[in-house]
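Visitor: Here you go, sequence then predicted model.
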Amino acid sequence: KSIDGQPRPDRLLASLISKSQGSGNRAAVTTFTGVIVLVRCLNVQHLFQAVNEQLATEKRKEEQNV
């Protein structure tokens with residue numbers, strides 16, 4: 001565990017994987033898929049943020065040109 005008492009993500013993931021291995025492959029696949037979906041959602045959020053920042057920059061440039 002980390003200093004603040006919260007379980008560390010890597011340890012948490014390892015325990016999830018070991019638990020899912022104990023209860024069969026299907027659970028392991030489900031856990032793995034869940035992690036991938038979570039990562040993809042985070043990446044999509046970053047992507048939207050980047051796109052919004054880019055659009056805002058373009059808009060400012062247009063306003064300055066006018």
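Guide: It's in.

Visitor: And residue 11, which helix or strand is it part of?
Guide: helix 9-22 (DSSP states H and E).

Visitor: just checking, what packs against the longest helix belonging to the chain?
Guide: Across the chain, the helix with the greatest residue count (assigned by DSSP state H) is helix 25-65. Contacting helix 25-65 under the criterion 3 or more Cβ pairs under 8 Å, 6 or more residues apart in numbering; DSSP states H and E are the following elements: helix 9-22. No exception for glycine: its C-beta is placed from N, CA and C like everyone else's.

Visitor: now the helix it packs on: mean pLDDT?
Guide: Averaged across helix 9-22, the pLDDT comes to 67.

Visitor: again, but for stretch 53-65
Guide: 89.

Visitor: Alpha carbons of it, as PDB, please.
Guide: Taking C-alpha atoms only, stretch 53-65 is exported to PDB below (Å, rounded to 0.1, in the frame of the first residue of the first chain):
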ATOM      1  CA  GLU A  53      -8.100  23.500 -27.600                       C
ATOM      2  CA  GLN A  54      -7.200  23.400 -31.200                       C
ATOM      3  CA  LEU A  55     -10.600  24.800 -32.300                       C
ATOM      4  CA  ALA A  56     -10.300  27.500 -29.700                       C
ATOM      5  CA  THR A  57      -6.900  28.500 -31.000                       C
ATOM      6  CA  GLU A  58      -8.200  28.600 -34.600                       C
ATOM      7  CA  LYS A  59     -11.100  30.700 -33.500                       C
ATOM      8  CA  ARG A  60      -8.800  33.200 -31.800                       C
ATOM      9  CA  LYS A  61      -6.600  33.400 -34.900                       C
ATOM     10  CA  GLU A  62      -9.600  34.200 -37.100                       C
ATOM     11  CA  GLU A  63     -10.900  36.900 -34.700                       C
ATOM     12  CA  GLN A  64      -7.400  38.500 -34.700                       C
ATOM     13  CA  ASN A  65      -7.300  38.500 -38.500                       C
END
